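> With the sequence up front, the predicted model follows.
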Amino acid sequence: MKSSLLSSVYSKFRYLLELWWSPQAKTEILYPHCVEDLLEILGQVRENQTQVKVIGGTFPLAPHSKEDIIVSLSCMDKLIGLDVHQQTVTAEPGVRLSNLVAILETVNMTLELAGPLPDLSLVDAIAIGLTGTSGSLSSSVLNVEVVLAGNGPSSHNSRLPPEFDLDGHNVSFQTGTGGPELAAWSWSTHPDKMATLFSGLGMVAAVTSVTLKCIPLYRVTEVSHLLYLTDVMDTWGVMMGSRGPSTHHLTWFPFSELVILKQARPVDRSACVVPSILNRKLTEFSQIIARLVRILNLVFFSSTYLGWTLARIQFISLWSAAKNRSDFSHPPVTFLSPDVVRGSTWLLPLASLPPLLSSIKQWANTHPSQVTSPLQVCTVHEERRSTISRSHSQPAAGAGQPYLYPRLEIQSLTSSCSSLDNFSPRSARASPRLPQAGSVSPLPPPPLMQRAHAATVWYDWFLPETGPDPREIAELEELFRTAGGIRCWSGDRIVSPLILSDTFPEYSAWCKVKHEVDPDNILTSGYVQGDIWSKPVTSKSKPKQSRSSPRKDQSFLNLDKSRSLDSL
């Protein structure tokens, strides 16, 4: 045991030294400050016959080469407009969600997002289809303004702002020049393009502004319990069968019989109980300890017995943070570090969770070296809501369905609902430790909140720093697929057109719109690895010059760019 621990620490230390001293790929990172800068960059990219990756600067950058050109919209982070009467807000793509929510709270409004979420910029959240316990961000977006890469030589006429008719339809696609163009899309006027943009991984258009629908400000009261996993699973159907607006969050380390159960229920602002300064400081301290332990475990002691001990310490720190937050009122969204998107998140039917956790426990006993941190489970209240919104004749915000957005089939939702409604009698015998579903008087839920029918499971066991075994990854992912799970977008993910066409039934529709707005594939993805777009093959298409060695113009040197990747 001692020799394996020393060898593991030595290998990790050597890996860090090589990472620190190895020469980094010199990559051009451009920082436009306005729409005119972005148009100029895309125009020069087209003239140079190269490709570009448009990102928001908060998502962990995917592996890249020194020939890549990256455009970061992090400097376009201004608030454009705020309408209190219409309850809408318009912001630039680089605005972080936490900053936007803080601004909205000053006028008693907030976004329709809830649960633990990574603190991403708007463009990064749109690119990966960010999802919380209350649903996807696409449900809140009314319209966007974008810059299209165009087709053909660029033209300065494309800098004109978009024009609209009396019905709000965009009529600015009449230049015929093929250069970068400004456009405005919404779910009512361009549903196919909006469905392609969301979860489009930054390959459809460069977003310049986003208009979101807000809701009245509210608070949630968290109640945390440290329970046995068997007690929670035995009463899972009773809790999920409740039609109240409460959401559930589980934290579980597979080598422990205990689980942290947090229930969040909306409360009236007049009944809020604000945590004291001491409680807030203790919560922050416990969260910092949990993060430090995870970093220490990830860097040095993963795949060792000491790593399992550190994972238990991390679990205890998380319970300390949850205990100090319990019985107090908090904002509905808890923003986390953007690094959490490096883990894997799966969306699966709610009724499949108890057998899946049992399978994960058996898998962890077989592969103990890989389980070095707790996993997180959150209920999702989106599928029923999106199904209802599609039945309305008048399109609403988020009424469409993004093509590459991970979502469950209607059959899975129906079976999940029936499984919860007809849960076995054993489920009715609730543990004395577990709070009953009807013990608290129901409170008015936030708008459009429905009963949970799905859950997300997150873990970070196979990060590149740990050197994971692909066979072990495949075994664990097969457990999720057997349970009806679909993997959400996350960092360090490798994809291919074959995998995407098998996972997303509307992948061909996404490729069709991508070919329409960017036929030359000027915009590539900075979020995942591998080929995403499968270009339609036509008999009249002519072979084009390879872009393996793009020609760069010296005019790029006059633009605002970074000196290293560390500036992100």
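Arrived safely, thanks for sending.
> Spatially nearest residue to residue 506, not counting backbone neighbours?
residue 403 (4.2 Å; C-beta to C-beta, 6 or more residues apart in numbering). (Glycine included, C-beta is placed from N, CA and C.)
> what about that neighbour, which SS state?
coil (DSSP: H, G, I helix; E, B strand; the rest coil).
> Kindly tell me how buried it is, as a neighbour count.
25 (other C-beta atoms under 10 Å).
> I'd say it and residue 196 touch.
Yes - Residue 403 is within contact range of residue 196, at 5.8 Å (criterion: C-beta atoms under 8 Å).
> who touches both of those two?
Shared contacts of residue 403 and residue 196, defined by C-beta atoms under 8 Å, 6 or more residues apart in numbering, comprise 509, 510, 513.
> Mark which of these are buried, thanks.
When the shared contacts of residue 403 and residue 196 are checked for burial by 16 or more other C-beta atoms under 10 Å, the buried set is 510, 513.
> now, which of the shared contacts of residue 403 and residue 196 lie within strands?
Per DSSP state E, strands hold no members of the shared contacts of residue 403 and residue 196.
> Closest to residue 357 out of the shared contacts of residue 403 and residue 196?
Nearest to residue 357 among these is residue 510, at 33.0 Å by C-beta to C-beta.
> for the stretch 151-300 of the chain, what spans make up the helices?
191-197, 229-234, 236-240, 277-296 (DSSP state H, counting those that start in this stretch).
> ok, now the stretch 301-450 of the chain?
So, for the stretch 301-450 of the chain - with DSSP H, counting those that start in this stretch - the helices run 305-325, 353-366, 383-391, 410-421.
> Least reliable of those helices by average pLDDT, please.
Per-stretch mean pLDDT for the helices of the stretch 301-450 of the chain is lowest at helix 383-391 (a mean of 37).
> sorry, back to before: now do the same contact list for the residue nearest to residue 506.
195, 196, 199, 200, 504, 506, 507, 509, 510, 513.
> and which of these is nearest residue 377?
In terms of C-beta to C-beta, no member of the contacts of residue 403 lies closer to residue 377 than residue 199, at 22.1 Å.
> Just give the nearest non-adjacent residue to that closest one, would you?
Nearest residue to residue 199, sequence neighbours excluded (C-beta to C-beta, 6+ apart): residue 129, at 3.5 Å.
> There's contact between that neighbour and residue 490 in this structure, I believe.
No - the pair residue 129 and residue 490 does not pass the contact test of C-beta under 8 Å, sitting 11.1 Å apart.
> if we look at the host helix or strand of residue 502, which residues are touching it?
Element membership for residue 502, per DSSP states H and E: helix 497-503. Taking contacts as C-beta under 8 Å, 6+ apart, the residues outside helix 497-503 that touch it are 404, 406, 486, 487, 507, 508, 531, 532, 533, 534.
> With pLDDT, distance to residue 366 and neighbour count as extra columns, can I get the residues you listed in a markdown table?
Formatted as a markdown table, these follow (pLDDT from 0 to 100; distance: C-beta to C-beta, whole Å; neighbours: other C-beta atoms under 10 Å):
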| residue | pLDDT | distance to residue 366 | neighbour count |
| --- | --- | --- | --- |
| 404 | 87 | 33 | 23 |
| 406 | 84 | 27 | 20 |
| 486 | 89 | 24 | 19 |
| 487 | 89 | 22 | 18 |
| 507 | 88 | 34 | 20 |
| 508 | 88 | 39 | 13 |
| 531 | 78 | 34 | 14 |
| 532 | 81 | 34 | 24 |
| 533 | 79 | 38 | 21 |
| 534 | 73 | 37 | 17 |
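> Return the member of the residues you listed nearest to residue 275.
residue 406 (34.4 Å).
> Now do the contacts for the closest residue to that closest one other than its chain neighbours.
Excluding the flanking residues, the one nearest residue 406 by C-beta to C-beta, 6+ apart is residue 486, at 4.4 Å. Residues counted as contacts of residue 486 (C-beta under 8 Å, 6+ apart) are 346, 347, 348, 406, 407, 408, 503.
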